[in-house]
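[1] quick one: sequence and predicted model below, then my questions.
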2 protein chains.
Amino acid sequence: MMKLRSSPPSPFGRKIKIAMAILGLKDRIEIEDANTADPSDSLRSQNPLGKIPALILENGDVLYDSAVILEYLDFLAGGGKLFPAGEARFAVLRNQTLADGIMEAAILRVYEKRFKEPKYRDPAWDAYQGAKMARGLAYFEENVPKMPSSADDIDAGTLTLACMLGYLDIRFGNDNWRDGHPKLAAWLEAFEAAVPAFATTKIPPAPVPDNDPALLQ
Amino acid sequence: MMKLRSSPPSPFGRKIKIAMAILGLKDRIEIEDANTADPSDSLRSQNPLGKIPALILENGDVLYDSAVILEYLDFLAGGGKLFPAGEARFAVLRNQTLADGIMEAAILRVYEKRFKEPKYRDPAWDAYQGAKMARGLAYFEENVPKMPSSADDIDAGTLTLACMLGYLDIRFGNDNWRDGHPKLAAWLEAFEAAVPAFATTKIPPAPVPDNDPALLQ
């Protein structure tokens, strides 16, 4: 049995959980929550970066980050499902990187509030990361993927896009990303209808916990 | 002609430049420096995340990040050179992610000094990122790759490892990473002897420019 270290709010972990469902691998991987803020959690010995998700293989080897795990699951499922072959592969990888990068900018902003005392929070840094998110969303609105009608239409790029938008709903609900991005909003509705595991991995909006610098250790 | 947007100190860009040399692709890609801190640089329209490296293809499509570009160059060169096939692929990808992650933690620390006024620099955040770097280096010291004797022995993981260590020499020279990591130090010497492009892409140690918040826009 393989083991996935993750946590329910993680958009990167959500990618993996949805892929497990799509690829028929749920019975081969148990999920064990990890606390990235707890130095005594075994996560940091499993992934020196202390990040989730991490996948512990049966031989003890560990794979991370989410892009690597996703590709490994695709490989276990026979290949070519979430990652097309040939030249088409690279636009999918680029879309995955862009959506992952928007999530990373979002998480850096969350960390400012969650881990830092107010005096250390730099509004210019927050705006700088926010601008990356805005440009990324504008790109996807202009280059919205085709509407998926079933899980067969999903790839690593669109799966990551959906989880990124879902993360905005969890942590940045007040920003109402759907305003100004109507094509993306319609696309996410179609994604949710086509991929039942998106709904089953959804968690309610959870405002960022404020200012617990004790967690930064 | 393809175009690579990068800058000399970027360890992620250095990976690509070395791969271009190893894979015989230098004649197909021109290099154009990018200034990530300049909002008027076309980089942000090429990569909404505003990050380097970005590879502009002949049809205008853009690929990023460095892992995606590296794999694309490997594909152009016939495949299987920097990324092995089958199960062996995933340890290489994981090593690449770990070395990339150490670089990302290092760059977050650099940004604190380069972009933020002193009052916004949180020592706990710096220590938190530093601990990720220390755990990652300890992992590689315990799992040091085999000594390369030619560029045929290089893969995406070891290429990234070498560029990460090189970045520590540029930006974190005072930390003397070789102390406490003798196997990695010997390994990097062997890498440099085996891969001439590592030396030709080297830049001198450059202390982080201090405190220019005007750059954070």
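    In hand now; what should we look at? Because the structure is a prediction, the values reported are computed rather than measured.
[2] for the closest residue in space to residue A:92 that isn't next to it in sequence, which three-state class applies?
    Distance criterion CB to CB, 6 or more residues apart in numbering or on different chains; nearest residue to residue A:92, sequence neighbours excluded, is residue A:157 at 4.4 Å. The way it works is simple: take the backbone N, C-alpha and C, and place the C-beta from them, glycine included. Following DSSP: H, G, I helix; E, B strand; the rest coil, we place residue A:157 in the helix state.
[3] count of residues packed around residue A:157?
    Neighbourhood size, residue A:157 [other CB atoms under 10 Å in any protein chain shown]: 23.
[4] show me the contacts for it.
    Applying CB atoms under 8 Å, 6 or more residues apart in numbering or on different chains, we find residue A:157 in contact with A:91-96, A:99, A:145.
[5] tell me which two in the residues you listed are the farthest apart.
    A:93 and A:145 (14.2 Å; CB to CB).
[6] who's more crowded, these two?
    residue A:93 (24 against 20).
[7] that one: helix or strand, and which one exactly?
    Using DSSP states H and E, residue A:93 falls within helix A:88-115.
[8] and the helices in chain A?
    Under the criterion DSSP state H, helices of chain A are mapped to A:11-22, A:43-46, A:66-76, A:88-115, A:123-142, A:156-171, A:182-194, A:196-200.
[9] could those helices go into TSV alongside mean pLDDT?
    Formatted as TSV, the helices of chain A follow (pLDDT from 0 to 100):
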stretch	mean pLDDT
helix A:11-22	98
helix A:43-46	98
helix A:66-76	98
helix A:88-115	96
helix A:123-142	97
helix A:156-171	97
helix A:182-194	98
helix A:196-200	97
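[10] now the ones you listed as CSV including distance to residue B:63?
    Listed next are those as CSV, based on distance: least, CB to CB, whole Å:
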stretch, distance to residue B:63
helix A:11-22, 20
helix A:43-46, 30
helix A:66-76, 14
helix A:88-115, 5
helix A:123-142, 14
helix A:156-171, 12
helix A:182-194, 22
helix A:196-200, 27
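[11] out of these, flag the one nearest residue A:60.
    Here helix A:43-46 is closest among the helices of chain A (CB to CB), at 9.5 Å.
[12] what residues of the closest one count as buried?
    Using 16 or more other CB atoms under 10 Å in any protein chain shown as the test for burial, helix A:43-46 gives A:43-44, A:46.
[13] list of residues touching that helix?
    Taking CB under 8 Å, 6+ apart as the rule, helix A:43-46 contacts A:5, A:34-36, A:50, A:52, A:54, A:56, A:62, B:135.
[14] what residues are up against the closest residue to residue A:68 other than its chain neighbours?
    Distance criterion CB to CB, 6+ apart; nearest residue to residue A:68, sequence neighbours excluded, is residue B:93 at 4.5 Å. By CB under 8 Å, 6+ apart, the residues touching residue B:93 are A:63, A:68, A:71, B:67, B:83, B:156-157.
[15] make it 10 Å
    With contact set as CB atoms under 10 Å, 6 or more residues apart in numbering or on different chains, residue B:93 has these partners: A:63-65, A:67-69, A:71-72, B:67, B:71, B:83-84, B:155-157.
[16] out of these, who's the most crowded?
    Top of these by neighbour count (other CB under 10 Å): residue A:69, with 29 neighbours.
[17] hmm, residue A:23 and that residue touching each other?
    No - here residue A:69 lies out of contact with residue A:23, judged by CB atoms under 10 Å, at a distance of 11.6 Å.
[18] domain assignment for chain A?
    Chain A is divided into the following domains under automatic domain parsing: A:2-76, A:88-200.
[19] what's the offset of the first one from the middle of its chain?
    In terms of CA atoms, centre = their mean, to the nearest Å, the gap separating the centre of domain A:2-76 from the centre of its chain is 12 Å.
[20] need the contact list for residue A:104.
    So residue A:104 contacts A:11-12, A:97, A:129, A:132-133, A:164, B:49, B:104 (CB under 10 Å, 6+ apart).
[21] hmm, what's the outermost residue in chain A?
    Largest separation from the mean C-alpha position in chain A: residue A:119, at 29.3 Å (CA atoms, centre = their mean).
[22] isn't that residue up against residue B:117?
    No - the criterion here is CB under 10 Å, and residue A:119 misses it with residue B:117 at 11.5 Å.
[23] which ones are touching the closest residue to residue A:98 other than its chain neighbours?
    Nearest non-adjacent residue to residue A:98, counting by CB to CB, 6+ apart: residue A:136, 5.6 Å away. Contact partners of residue A:136, counting by CB under 10 Å, 6+ apart, are A:98-103, A:105-106, A:161, A:164, B:47-50.
[24] quick check: the two most widely separated of those residues?
    Checking the contacts of residue A:136 with CB to CB, the most distant pair is A:161 and B:50, at 18.9 Å.
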